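**Q** No sequence on hand, only this structure:
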């Protein structure tokens, strides 16, 4: 059985993330999606508990996917959940530089490999940061995020 870990901040999860999760769920026996607070990113819009709920609702149609939260090194979480490798999504070429460096560092310190899954061009422009900004100013992001996320964004930013 092959198990993979897909880590990210998912603040919030969007259709590009869901696409990567669905692809991983087709390729591997089990997928663990893990949300974290990323200290390198701005203040989170959603709490970890809110993100966990949105993740679970957004991937409920995938029986081989589980959701967890973490606040440790990704490689430690990979070891703890028994992941054979880490999965990362790539939207555009510029994502590759940072992700490659992280993948190489993760392998150096733990021996865990990273597999990159490119997003479809229809989702390559999606970014949680941009979705938060559009929603904050009253824009409609419902076509970019799963329904549970769209409703929570409307609660956060009522028109």
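**A** Arrived safely, thanks for sending. Just so you know, these numbers come straight off a predicted model, no measurement behind them. Residues are numbered from 1 along each chain as shown.

**Q** longest helix in this structure, by residue count?
**A** Of all segments of type helix in the chain, defined using DSSP state H, the longest is helix 93-110.

**Q** Which is the succeeding secondary structure element to that one?
**A** On the C-terminal side of helix 93-110, the nearest following helix or strand under DSSP states H and E is strand 113-118.

**Q** ok, and for that next one, which residues are buried?
**A** Buried residues in strand 113-118, defined by neighbour count with 16 or more other C-beta atoms under 10 Å: 114, 117, 118. C-beta coordinates here come from the backbone N, C-alpha and C atoms, glycine included.

**Q** same question, stretch 134-152
**A** Neighbour counts over stretch 134-152 (16+ other C-beta under 10 Å) mark 135, 141, 144, 145, 146, 148, 149, 150, 152 as buried.

**Q** For it, which outside residues touch it?
**A** By C-beta atoms under 8 Å, 6 or more residues apart in numbering, the list of residues contacting stretch 134-152 from outside reads 12-15, 18, 46, 50, 53-54, 57-58, 126, 131, 153-154, 156-157, 159.
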